[in-house]
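A.B. asks: the sequence and its predicted three-dimensional model are supplied below.
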Amino acid sequence: GENAFYVCKKLQYIIVPAGLSAINKLDSGKLLLIEKNETETRFYALSLKILSRNFWGKTIINNYNDFIDKKLWSQYDLELINNGPKYKYTLLARLFGGLDRLLNPVDLTDENRQLYGELLKKNVKKMIAFAEEIKCSFAVKALIELGIVDDSNSKAIRKLITASAVPEIAALAEMLGSEPPKTTKKKAAPKKAEPEPPADPLTAEYREKLAAIKGNDLIKKMKLVGSRFPKVKLKNGTDAPEELFRFIIVSYGVQNTIHIDEEADKAAGLLSYESLCEAISAITNGLDLSLYPSLLPVVCRFGNTDQIKAVIYYYDILSILSGAKGKSVQYKIESTMALSDTRVAVLWLEKNSNLYRYARLRGITVLQVYDKYLFDFGFDEQGKRVFDLGVTTIEVTISPELTLKLFNTAAGKTVRSIPKKGVAPDVQKQAADALADMRATLKKSATIKKNQLYIAYLEAEKFSAAEWTEKYTKNPFLYAVAHLLVWSQNGKTFTLSADKKPIDAEGNDYTITKSPIILAHPMEMDKADTAAWQKYFTDHQLKQPFMQIWEPVTDKSLFKETRYKDCLIRDYYLKRHENMGISIEWYEGAYTESHYLSIKGFDVDYDRVMVKEEDGEETDRVEITFIKPQKWNRRVNMVLAFLDKITVYGRIKKDDITVMTHMDRFTLPTIIEFITMAQEAGAVNVTAALLAYRNNTYPDYNIMDEFVLDF
């Protein structure tokens, strides 16, 4: 097996017949320093697979498996040349690994060939000393044949080899010839090297800039010495100087504090967008970003929507894995993601409560980030975003359902994507990526805005008339949300029509004054006004972002503190409603149990009730025996409407006809939901009663399946 010689501390080599090319599963291509002749093959003990622990150790074996077995030669070279970042090696491991690569140069680049040669030449005496220790004349012979021993060091190496106690090594001195006689003649002056032809202005500029920031030293710091830097195109289609791309990489890769580098951005602006995206993919292809975190700022700053999504996916994968290194890379992603100008990145930062990083990096407030980067999709005041492709233009508009529509002006028809035919690749790529960013984030941005407005609705937040008008009539995206809601000014209610004009529930023009504007609430509206708005939304088949005008209003005069006594509630109905201020912990384990219920804004008492199910199993229920609002307001009404609803569920499913005494608490959308639930549960009596109640109470409505927009 692979570990047959693992404990052989003094093993030097294994001799097998010349025709044998493998030992068990170890083919000769996976072994170091193989010397062959007509009669035998000698596998030296420097094999990564079979050498004893005292030389290579476990990490080099893992390294070999990770890279060579997968034929990732360039990554293996990066590891040895840079001494990491995945593993740390002894100097001898790097030297013999380098010698093996020069002898077996599979996919070895010219740059890495030179780097290995420089490493070996610098440490050639140590190499020979170790070769002598293990009696490996083949390694010394290889150093001579590869030119590691040359005119610059041959005199010293000849003496070292001649003095060797190993006859096979001492005999190799003949390969270096005899020592030349001493002479008093002056050495001829070395010929002056021919001067390099002058570089073009752009190459010269970025060669100078790279030197000014000690770019080569920074490449070493990033452990990218020997990495294949991809070719990048300028906007005119010609090859960009490699120094330009290297300048971008190191400018962002070694920042002490994350910041937007104007000089690097200027360099990136000279490049073809498509080519830059491809180069970012190439430089990170196969390189584990947890090992090369210095590349993260470059990816986040210049990556397109798909590349940013890939980083987010990588972040989620790291969440599954444990370890300090994974946590460190996650933190790096959190800070560098703020560099990205994509809306996908902003949404991710918002979701993870890191939007302050984005704002701080650009010197603006978090509210400005929402307005400028999340809620501004580039539409003009006519509701269009235009992509000029040269041969045609694509007009993008937003529908009331918050979907995007594309119109090709040259073809005179609606299309689904950015066309490619006749369009410059760079222009097409930028437009397609911008559209992908819009599509990927439109509904998510709408959800964020909906949640903001819902809080404003509950808290009766005031907006200045000028600010409200500027936001909701001039930004097509914000208008698409605002025209689905009812607003109030000095007790008068209005919304926005299809042409962005303020109107009342009857469709008449409404004039906005200078008074503050708030979101209307049914508990502050008279019943006729509420009914008129309900009819307006059903007649126009508009769905609201949340149940605003459809929210049931609890009659304070009829409220009893024992309202929910004897109503048994499954605990999962109360979970995950922290936004309502409901906190519940209902747990019983083998050794511990915990039961806790609180509702913000209420004094609450409750009992835990065990109920035997039809299958004989006993399950927990919550009974709210006492509930008292501390202050009567919009938030209290919202919680009571929710509790009214969930206490009815169980009784409907049991076909308990007495539940009909509570129906006056609910609005039409909730009644329709109850009907669907009763039908699915086979509750025949309650279904019939609910249908009759709907027809008698709401005879004039165009019945809709949904009243709330799902986004």
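C.D. replies: That came in fine, so what should we check first?
A.B. asks: next, the buried residues of stretch 440-458.
C.D. replies: Buried positions in stretch 440-458, judged by neighbour count with 16 or more other Cβ atoms under 10 Å: 440-442, 444-446, 448-450, 453-454, 457-458. C-betas here are computed from N, CA, C, even on glycine.
A.B. asks: any idea of the mean pLDDT for the helix or strand where E673 lies?
C.D. replies: Secondary structure assignment for E673, by DSSP states H and E: helix 668-681. For helix 668-681, mean pLDDT is 89.
A.B. asks: next secondary structure element downstream of it?
C.D. replies: Criterion used, DSSP H and E; the element after helix 668-681 is helix 684-697.
A.B. asks: max-length helix in the chain?
C.D. replies: Ranked by number of residues, the top helix in the chain under DSSP state H is helix 425-459.
A.B. asks: not counting sequence-adjacent ones, nearest residue to F626?
C.D. replies: Counting by Cβ to Cβ, 6 or more residues apart in numbering, F626 lies nearest to D605, which is 3.9 Å off, once chain neighbours are set aside.
A.B. asks: what's the burial count for that neighbour?
C.D. replies: D605 is flanked by 13 other residues according to other Cβ atoms under 10 Å.
A.B. asks: phi and psi next, for it.
C.D. replies: Note on D605: backbone dihedrals following degrees, to the nearest 10 are phi -120, psi 150.
A.B. asks: try A411
C.D. replies: According to degrees, to the nearest 10, A411 has phi -80, psi -20.
A.B. asks: wait, it touches T393, no?
C.D. replies: No. Using Cβ atoms under 8 Å as the test, A411 is too far from T393 to be in contact (10.7 Å).
A.B. asks: of these two, which one has the most company?
C.D. replies: Neighbour tally, A411 and T393, criterion other Cβ under 10 Å: the higher count belongs to T393, 14 against 11.
A.B. asks: leaving out sequence neighbours, find the closest residue to that one.
C.D. replies: Excluding its sequence neighbours, the residue lying closest to T393 (Cβ to Cβ, 6+ apart) is T409, at 4.8 Å.
A.B. asks: how close does the one you found get to A424?
C.D. replies: Distance of T409 to A424, computed by Cβ to Cβ, to the nearest Å: 18 Å.
A.B. asks: would you map the strands across the stretch 1-150 of the chain?
C.D. replies: Assigned by DSSP state E, counting those that start in this stretch, the strands in the stretch 1-150 of the chain fall at 13-17, 22-23, 26-27, 34-36, 40-44.
A.B. asks: weakest of the ones you listed in terms of mean pLDDT?
C.D. replies: Among these, strand 26-27 scores lowest, at a mean of 44.
A.B. asks: what strand or helix carries the closest residue to G303 other than its chain neighbours?
C.D. replies: Take G303 and drop its neighbours on the chain: the residue closest to it by Cβ to Cβ, 6+ apart is I280, 5.6 Å away. Assigned by DSSP H and E, I280 falls within helix 273-284.
A.B. asks: for that helix, buried residues please.
C.D. replies: By 16+ other Cβ under 10 Å, the buried positions in helix 273-284 come out as 273-281, 283-284.
A.B. asks: check stretch 503-522 too.
C.D. replies: Of the residues in stretch 503-522, those buried (16+ other Cβ under 10 Å) are 503-505, 510, 512, 517-522.
A.B. asks: now render those as a markdown table, adding distance to D200, pLDDT and secondary structure.
C.D. replies: A markdown table is the format used below for the buried residues of stretch 503-522 (distance: Cβ to Cβ, whole Å; pLDDT from 0 to 100; DSSP: H, G, I helix; E, B strand; the rest coil):
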| residue | distance to D200 | pLDDT | secondary structure |
| --- | --- | --- | --- |
| I503 | 64 | 96 | strand |
| D504 | 69 | 95 | coil |
| A505 | 70 | 95 | coil |
| Y510 | 65 | 95 | coil |
| I512 | 61 | 94 | coil |
| I517 | 60 | 97 | strand |
| I518 | 63 | 97 | strand |
| L519 | 62 | 97 | strand |
| A520 | 66 | 97 | coil |
| H521 | 68 | 96 | coil |
| P522 | 72 | 95 | helix |
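A.B. asks: need those residues in a markdown table with distance to Y564, can you?
C.D. replies: Converted to a markdown table, these look like this (distance: Cβ to Cβ, whole Å):
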| residue | distance to Y564 |
| --- | --- |
| I503 | 40 |
| D504 | 38 |
| A505 | 34 |
| Y510 | 40 |
| I512 | 42 |
| I517 | 36 |
| I518 | 30 |
| L519 | 28 |
| A520 | 28 |
| H521 | 23 |
| P522 | 22 |
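A.B. asks: list just the nearest of the residues you listed to P85.
C.D. replies: Using Cβ to Cβ, L519 is the member of those that lies nearest P85, at 53.6 Å.
A.B. asks: once you drop chain neighbours, what's closest to the closest one?
C.D. replies: Y457 (4.3 Å).
A.B. asks: which residues touch the one you found?
C.D. replies: 519, 521, 546, 548, 634 (Cβ atoms under 8 Å, 6 or more residues apart in numbering).
A.B. asks: can you tell me the centre-most residue of this structure?
C.D. replies: I312 (1.2 Å; Cα atoms, centre = their mean).
A.B. asks: which SSE is that residue in?
C.D. replies: According to DSSP H and E, I312 maps onto helix 305-320.
A.B. asks: quick revisit: from the buried residues of stretch 440-458, which is closest to S319?
C.D. replies: Distance from S319 was checked for each of those by Cβ to Cβ. The minimum falls on K444, at 19.8 Å.
A.B. asks: the closest one and L347 touch, don't they?
C.D. replies: Yes. Between K444 and L347 there is a contact under Cβ under 8 Å: 5.1 Å.
A.B. asks: looking at the chain, which helix or strand is least sure?
C.D. replies: strand 26-27 (a mean of 44; mean pLDDT, DSSP states H and E).
A.B. asks: below-threshold pLDDT in the stretch 1-150 of the chain: ranges please.
C.D. replies: 1-16, 18-37, 41-71 (pLDDT under 70).
A.B. asks: just the stretch 501-650 of the chain next, same as before
C.D. replies: Ranges of the stretch 501-650 of the chain meeting pLDDT under 70: 588-590, 614-615.
A.B. asks: all strands of it, in order?
C.D. replies: For the stretch 501-650 of the chain, applying DSSP E, counting those that start in this stretch gives strands covering 502-503, 518-519, 568-569, 582-588, 593-599, 602-612, 618-629.
A.B. asks: between those strands, which gets nearest to L119?
C.D. replies: Among those, strand 582-588 comes nearest to L119, with 60.3 Å by Cβ to Cβ.
A.B. asks: other SSEs contacting the closest one?
C.D. replies: If you count contacts as 3 or more Cβ pairs under 8 Å, 6 or more residues apart in numbering; DSSP states H and E, strand 582-588 packs onto strand 593-599, strand 618-629.
A.B. asks: out of these, deepest packed?
C.D. replies: Comparing the helices and strands packed on strand 582-588 by mean neighbour count (mean count of other Cβ atoms under 10 Å), strand 618-629 ranks first with a mean of 16.
A.B. asks: name the residues that touch that one?
C.D. replies: Taking Cβ under 8 Å, 6+ apart as the rule, strand 618-629 contacts 559, 561-571, 574, 584, 586, 588, 597, 599, 601-613, 636, 640, 643.
A.B. asks: for ChimeraX, write the select line for the buried members of those.
C.D. replies: The ChimeraX command for the buried members of those (criterion: 16+ other Cβ under 10 Å) is given here:
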select :563,564,567,568,569,570,571,574,584,586,597,599,602,606,636,640,643
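A.B. asks: do I have it right that the residue nearest to G303 meets Q307?
C.D. replies: Yes. Assessed by Cβ under 8 Å, I280 is found in contact with Q307 at 6.3 Å.
A.B. asks: list residues touching both of these two?
C.D. replies: Common neighbours of I280 and Q307, counting by Cβ under 8 Å, 6+ apart, are V299.
A.B. asks: still on that earlier bit, between the contacts of Y457, which is closest to K221?
C.D. replies: F546 (51.9 Å).
A.B. asks: phi, psi of that closest one?
C.D. replies: As for F546, its main-chain torsions (degrees, to the nearest 10) stand at phi -150, psi 170.
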